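S.K.: Please work out how this folds:
(one chain, ligands or ions: 1)
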Amino acid sequence: MSVFITGIAGFIGCNLARAMLGNGATVAGFDNLCRGSIRNLEPLEGHARFHFEKVELADLESYGRALRALHARSPITEIWHLAASSDIPGGPRP
Ligand SMILES: NC(=O)c1ccc[n+]([C@@H]2O[C@H](COP(=O)([O-])OP(=O)(O)OC[C@H]3O[C@@H](n4cnc5c(N)ncnc54)[C@H](O)[C@@H]3O)[C@@H](O)[C@H]2O)c1
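M.R.: Have a look, this model is predicted:
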């Protein structure tokens, strides 16, 4: 299984990534680090089946390019879309 996770540096994303790796999956994910932290991914760095890229999902051109390249290297079989602004009091970004 090859899992793709958006918002992978966030609270749920990093824990899901760790669990999926533990289950034997290949895990790749994008995050722009606006609210998540690269520190959340430090325990996963260097894992042979883990790949992270800093990508802004709202930039559809670079997001599409990065996703196509990722899929060409390791065809994605499962997608978890977790990227979102979790800053509820702050509301949506302009
Ligand atoms: N944590 C909860 O209790 C809870 C409850 C209900 C729903 N959710 C939903 O689950 C998802 C994940 O929640 P979480 O608690 O892990 O939030 P989080 O803020 O910890 O993680 C979200 C991640 O998305 C990334 N992100 C946001 N906008 C992005 C963009 N434009 N491009 C790339 N990355 C972007 C952030 O940097 C962050 O790392 C969210 O959609 C949230 O609304 C969470």
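
S.K.: Every contact and neighbour count from this point should use C-alpha atoms.
M.R.: OK.

S.K.: and N40, backbone torsions?
M.R.: For N40, the backbone dihedrals (degrees, to the nearest 10) come out as phi -60, psi -20.

S.K.: what sits against it?
M.R.: 9-11, 14 (CA atoms under 8 Å, 6 or more residues apart in numbering).

S.K.: how does it look with 10 Å?
M.R.: 8-11, 13-15 (CA atoms under 10 Å, 6 or more residues apart in numbering).

S.K.: what about the strands in this protein?
M.R.: Ranges of strands in the chain, per DSSP state E, are 2-6, 26-31, 50-54, 78-81.

S.K.: wait, doesn't L44 sit right on T26?
M.R.: No - look at L44 against T26 with CA atoms under 10 Å: they stay out of range, at 11.8 Å.

S.K.: what is in contact with these two at once?
M.R.: With CA under 10 Å, 6+ apart, L44 and T26 have common neighbours 17, 50-51.

S.K.: out of everything not next to it in sequence, what's closest to the residue nearest in space to the middle of the chain?
M.R.: The chain has G29 as the residue nearest its centroid, 2.5 Å off, counting by CA atoms, centre = their mean. When the adjacent residues along the chain are set aside, G29 lies closest to I5, with 4.5 Å between them (CA to CA, 6 or more residues apart in numbering).
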